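[1] here are the coordinates; sequence isn't available:
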């Protein structure tokens, strides 16, 4: 088998991976997401067993083991408690904390409107996203994977006189446009994997627009811009600081050991920022994020913002959940995307599941069959409640 990776941005300057905050957790509301993240946690813990390259330095992800801490108001308490029950059934180690227990463990938290909290006891924390991306790329190249700088523009299916009817629903060539060239080069393929992150929906729509018989059902994955802010607060939480998800949706984590923190929050559904650029809205922090942070952690009232950036969620507008499996209308096309903010942490597991589908026709390591793209075509949402 020969594998070709087509990448339009070899610097990864706009890639969601390198612009993320690098968290991993098992605190999800769906068993599929818990399973994916449990597998990924074990993969990351033993990463040099999988991604080491002879005569190259070992992989160092700079992993910071610190649990996620989800806070719930009275309104969200039942949902949080049900999630913890499921997480424990799937093998995750998660504790429920009452407000008094929460205050005893993290005295700097204002608990006045918190009804219950969940805290990950193992396999949670954060790591350096660039190190993981580079490790995957280095290992792939060492195994003979080919890499091409270009952009997939269109699919070509067999002509009517070439193949029987059922076989026409296959991609025979992918037209790739090379840098600084108006021409497109056809690449013959037996299998196509769409793993273009936030641009997966656009890629599929563009690539299939000229296929005979009309366009296919759209893939509801689109870029959603998210802001990340870094601030300094010398009186803020110390080394025991978790990755905290507030009742309001604001989040933060420690960055290093010098009183620096990273954080942000997703905007309301009807107030999404323009995704055509990666400009940062500083007023969003001042007006939306900071008041929520300062309410939850009083020392943050005096924080000083030091830097900021924006990145993309590969957002599944259908049900905010990953899409993983064979395309329902193209037999040899597989989709991996739409994870809506938890794609990086689940990438090792999603890669394993995709490889098993390609080679064996089913996933044997973990049951993630419900994430298949068919649910989009049939209008069967699979909603994840714990989207940050």
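    Structure received. Nothing here was measured: the structure is a model prediction, and the numbers come from that model. Residues are numbered from 1 along each chain as shown.
[2] and stretch 224-241, what's buried?
    Using 16 or more other CB atoms under 10 Å as the test for burial, stretch 224-241 gives 224-233, 236-237, 241. C-beta here means a position set from N, CA and C on the backbone, and glycine is covered the same way.
[3] then stretch 256-269?
    259-267.
[4] now stretch 77-88
    80, 83-84, 86-87.
[5] so which residues make contact with that stretch?
    26-29, 31, 34, 70, 72, 94, 96, 115-118, 385-386 (CB atoms under 8 Å, 6 or more residues apart in numbering).
[6] skipping its backbone neighbours, what lies nearest the residue nearest the centre of the chain in space?
    When CA atoms, centre = their mean is applied to the chain, the residue found nearest the centroid is residue 343 (1.8 Å). Distance criterion CB to CB, 6 or more residues apart in numbering; nearest residue to residue 343, sequence neighbours excluded, is residue 314 at 5.9 Å.
[7] on contacts alone, who are the packing partners of the helix or strand where that neighbour lies?
    Using DSSP states H and E, residue 314 sits within strand 304-316. Judged by 3 or more CB pairs under 8 Å, 6 or more residues apart in numbering; DSSP states H and E, strand 304-316 is in contact with strand 221-232.
[8] tell me which residues in the helix or strand following the strand it packs on are buried?
    The helix or strand immediately downstream of strand 221-232 is strand 243-245, counting by DSSP H and E. For strand 243-245, burial by neighbour count (16+ other CB under 10 Å) applies to 243-245.
[9] where along the stretch 201-350 of the chain do the strands fall?
    221-232, 243-245, 251-254, 260-264, 304-316, 323-326, 333-337 (DSSP state E, counting those that start in this stretch).
[10] need those in a markdown table (columns: mean pLDDT and distance to residue 54).
    Formatted as a markdown table, the strands of the stretch 201-350 of the chain follow (pLDDT from 0 to 100; distance: least, CB to CB, whole Å):
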| stretch | mean pLDDT | distance to residue 54 |
| --- | --- | --- |
| strand 221-232 | 97 | 36 |
| strand 243-245 | 98 | 35 |
| strand 251-254 | 98 | 35 |
| strand 260-264 | 98 | 35 |
| strand 304-316 | 97 | 33 |
| strand 323-326 | 96 | 31 |
| strand 333-337 | 96 | 28 |
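[11] out of those strands, which comes closest to residue 188?
    strand 333-337 (14.6 Å; CB to CB).
[12] what pairs with the closest one, parallel or antiparallel?
    Here strand 333-337 is paired, per DSSP bridges, with strand 192-194 (parallel), strand 323-326 (antiparallel).
[13] most tightly packed of those?
    strand 323-326 (a mean of 24; mean count of other CB atoms under 10 Å).
[14] who touches the helix or strand of the chain with the lowest mean pLDDT?
    Across the helices and strands of the chain, mean confidence by mean pLDDT, DSSP states H and E is lowest for helix 200-208: a mean of 88. Helix 200-208 is contacted by residues 152-155, 174, 194, 196, 215-216, 218-222, 314, 327, 330, 335, 337-338 when judged by CB under 8 Å, 6+ apart.
[15] list the contacts of the closest residue to residue 324 other than its chain neighbours.
    Once flanking residues are discounted, residue 324 sits nearest to residue 371: 4.3 Å by CB to CB, 6+ apart. Residue 371 is in contact with 32, 321-325, 382, counting by CB under 8 Å, 6+ apart.
[16] closest one to residue 255 out of the residues you listed, please.
    residue 322 (26.9 Å).
[17] what about stretch 284-295, how long is it end to end?
    16 Å (CA to CA, to the nearest Å).
[18] for stretch 376-388, same thing?
    22 Å.
[19] got the buried residues for it?
    376, 382, 384, 386-388.
[20] what separates residue 31 from residue 89, distance-wise?
    Taking CB to CB, to the nearest Å as the measure, residue 31 falls 8 Å from residue 89.
[21] between these two, which has more neighbouring residues?
    With neighbours defined as other CB atoms under 10 Å, residue 31 and residue 89 compare such that residue 31 has more, 16 against 10.
[22] in contact with the more buried one, which residues?
    86, 90, 367.
[23] with those residues in mind, which one is nearest to residue 2?
    residue 367 (30.2 Å).
[24] skipping its backbone neighbours, what lies nearest that closest one in space?
    residue 35 (6.9 Å).
[25] wait, isn't that neighbour in contact with residue 366?
    Yes: applying CB atoms under 8 Å, one finds residue 35 in contact with residue 366, separated by 4.3 Å.
[26] out of these two, which sits in the more crowded spot?
    Each of residue 35 and residue 366 has its neighbours counted (other CB under 10 Å); residue 35 has more, 23 against 17.
[27] show the subsequent helix or strand relative to the helix or strand where the more buried one lies.
    Taking DSSP H and E as the criterion, residue 35 maps to helix 31-45. Sequence-wise, the next helix or strand downstream of helix 31-45 (DSSP H and E) is helix 47-51.
[28] could you say what helices and strands that following helix packs with?
    Counting by 3+ CB pairs under 8 Å, 6+ apart, helix 47-51 packs on helix 129-142.
[29] next secondary structure after the helix it packs on?
    strand 146-149.
[30] list the strands paired with that following strand, with their directions.
    strand 4-7 (parallel).
[31] off-centre distance for the strand it pairs with?
    Strand 4-7 has its C-alpha centroid displaced from the chain centroid by 20 Å (CA atoms, centre = their mean, to the nearest Å).
[32] just stretch 315-334 next, same as before
    That offset, for stretch 315-334, works out to 15 Å (CA atoms, centre = their mean).
[33] please consider this matter closed, and thank you.
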